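S.K.: Got a predicted structure here, sequence first:
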Amino acid sequence: MGDETRIGILLAGHAPDEIRKDMGNYDRMFADLLAGHGFTYDTYAVVDGEFPPGVDAADGWLITGSKHGAYEDHDWIPPLEEFIRAVRDDGRPMVGICFGHQIIAQALGGKVEKFEGGWAVGRQNYRIEGQPLQLNAWHQDQVVELPEGAKVIGESEFCRNAALLYGDSIYTVQPHPEHTNAFVERLIESRGRGLVPDVLLDGALAQTDRPTDAQIVADRMAHFLKRGA
């Protein structure tokens, strides 16, 4: 294994085609976010039914975002939940982002639902591990009931369960540190109009010239994932 930590990326969705050709898919966005930490990557498109041979295929695991809901009826969701429980039982580190945050909670006994308060899009204010952070978000679903053993370590006014810690092996966040401001701009135009209220999209666009604290979360993710090496 040498000095590198092998991360298995479980791709739970794909970036829109018109963005992917310019900015890459979600796995590339995470590789860019975590650049410099000495990781190598294998991607498994679980959304297309492609799963790892076992939990020992990587030192640590990362579950991406998705346009799908964790509670939706898709053939790939039950085996993904089974894999999540296997990783939990094995003790390897696992990180979940947005959909990943939600599906891990659901797999371990929590509840995810479409939030009655609507959408969070673009730059949002969080407090994670006691630190104020500004991060991009794109979600309507939320973890509304915690699994046993989950500890809330991050929240916002909109999302009370915005970051969760499970023992010393699973770390999940609802916002998207891998979403650059440029990506948010493209996502608003390709996927947002007609789906998310224009007032939220316009407000998000107005803040895409402001920096986020994505690197702080990226460094925490990397520190966490290296525990498996």
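M.R.: Cool, the structure landed. Numbering: from 1, shown residues only.

S.K.: all strands of this protein, in order?
M.R.: Using DSSP state E, the strands found in the chain span residues 5-10, 39-44, 60-63, 94-97, 111-114, 120-128, 131-139, 141-145, 150-155, 163-166, 170-173.

S.K.: For stretch 52-59, what does the pLDDT average out to?
M.R.: Taken as a whole, stretch 52-59 has an average pLDDT of 97.

S.K.: between the top helix by length along the chain and strand 39-44, how many degrees?
M.R.: The residue-count maximum for a helix in the chain (DSSP state H) belongs to helix 77-90. Helix 77-90 runs at 140 degrees relative to strand 39-44, counting by axes from the mean of the first three to the mean of the last three Cα atoms, to 10 degrees.

S.K.: Just give me the neighbour total for residue 20.
M.R.: When counting by other Cβ atoms under 10 Å, one arrives at 13 neighbours for residue 20. All C-beta atoms are positioned from the backbone trio N, CA, C, and that covers glycine.

S.K.: burial measure for residue 104, as a count.
M.R.: Neighbours of residue 104 (other Cβ under 10 Å): 31.

S.K.: residue contacts, the closest residue to it other than its chain neighbours?
M.R.: Once flanking residues are discounted, residue 104 sits nearest to residue 96: 4.4 Å by Cβ to Cβ, 6 or more residues apart in numbering. For residue 96, the contacting residues are 62-63, 102-104, 170-173, by Cβ atoms under 8 Å, 6 or more residues apart in numbering.

S.K.: If any of those are buried, put those into a PyMOL selection.
M.R.: To isolate the buried subset of those in PyMOL, counting by 16 or more other Cβ atoms under 10 Å, use the following:
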select buried, resi 62+63+102+103+104+170+171+172+173
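
S.K.: For residue 162, state which of the contacts of residue 96 is nearest.
M.R.: Of all these, residue 162 sits closest to residue 173, with 6.7 Å by Cβ to Cβ.
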